[in-house]
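Colleague: here is the input, now give the coordinates:
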Amino acid sequence: MLGDEVIAQPLTQFPQRFKKLGRVHISGIKLDIDLTVESVKPHSGKIIIKFQEIDDRDDAKRLSNSYIQVNKSEIYQLPAGNYYHFELVGLEVIDSNNQVLGKVEEVLEFPASDIFVVRSEKGKLLIPAIKEVVKKIDIEQKRMEVKLLPGMEFEAG
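Modeller: Model prediction:
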C-alpha cells in the first residue's frame, strides 16, 4: 500500500494490459465493487494502481487480498488457438465417436501442458491439452472435440 495507491500481483501472462484498463470489478471476502483505474505503473514485478474512487490509505487497505477482474469487453486478445480458462470451463466434451463425455469443470496448469478436468455421471476424466488429444475447440458452440488415447478412462468421484 502506498498511500491511496494499491500494489497488485498480476495473475496474467500479459501485465501490459493493465495500462489500458478503464473500469474494473474488485471482489474479495467482504468486497464486491466496481472502480475506475486512474493510473498504472510497474514496480518490481508488480503493478501500482491508483483508483479514482480511492482517496486515502484506509480505503486502499480495504482492497487487500481482493481480486481485480476486468469486463469481458476489456480482456486482452489472445493469439488464435489460445483460450482463457473461463472460456473453456463449461464446454461440452465429445469424443471422436460423437459421444458426450461430460463438461470441462476446471483447467489445471502444469509445466508440460494444461489438464482439462471433465466431469459427468461416470466420474472424472483428465484430458491433457495437447494436439494429439484435443482436436477442436469451438467456443461459440461451447464444444470441445477430443480423441481419447489408450488408458484414458473415467475415475470415480
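Colleague: switch to C-alpha atoms for all contacts and neighbour counts from now on
Modeller: Will do.
Colleague: now the helix or strand of the chain with the lowest mean pLDDT: buried residues?
Modeller: Across the helices and strands of the chain, mean confidence by mean pLDDT, DSSP states H and E is lowest for strand 67-70: a mean of 84. Neighbour-count burial for strand 67-70 flags Y67, I68, V70 (criterion: 16 or more other Cα atoms under 10 Å).
Colleague: isn't E53 right up against I33?
Modeller: No - contact criterion Cα atoms under 8 Å: E53 and I33 do not qualify, at 10.6 Å.
Colleague: what about R17, which SS state?
Modeller: helix (DSSP: H, G, I helix; E, B strand; the rest coil).
Colleague: if I look at it, how far off is P10?
Modeller: Distance, R17 to P10, by Cα to Cα, to the nearest Å: 10 Å.
Colleague: which other residues reach the lengthiest strand in the chain?
Modeller: Ranked by residue count, the top strand of the chain under DSSP state E comes out as strand 31-43. With contacts defined as Cα atoms under 8 Å, 6 or more residues apart in numbering, strand 31-43 is touched by 18-19, 21-27, 47-53, 63, 66.
Colleague: apply 6 Å and report the result again.
Modeller: Identification of contacts with strand 31-43 by Cα atoms under 6 Å, 6 or more residues apart in numbering yields K19, G22, R23, V24, H25, I26, I47, I48, I49, K50, F51, Q52.
Colleague: same thing with stretch 13-20?
Modeller: V40.
Colleague: which residues are contacting the least confident helix or strand of the chain?
Modeller: When contacts are defined by Cα under 6 Å, 6+ apart, strand 67-70 is touched by residues V24, H25, I26, S27.
Colleague: counting neighbours, what do you get for the third one?
Modeller: A count of nearby residues for I26, using other Cα atoms under 10 Å, gives 16.
Colleague: is P128 in contact with I115, as I believe?
Modeller: Yes - under the criterion of Cα atoms under 6 Å, P128 makes contact with I115 at 4.5 Å.
Colleague: more crowded one of these two?
Modeller: P128 (21 against 18).
Colleague: which of the residues in stretch 58-65 are buried?
Modeller: For stretch 58-65, using 16+ other Cα under 10 Å, the buried residues are A60, K61, L63.
Colleague: look up how far F86 lies from the last one.
Modeller: Right, L63. 23 Å.
Colleague: same question, I26
Modeller: Taking Cα to Cα, one finds I26 at 17 Å from F86.
Colleague: then P111?
Modeller: Counting by Cα to Cα, the gap from P111 to F86 is 19 Å.
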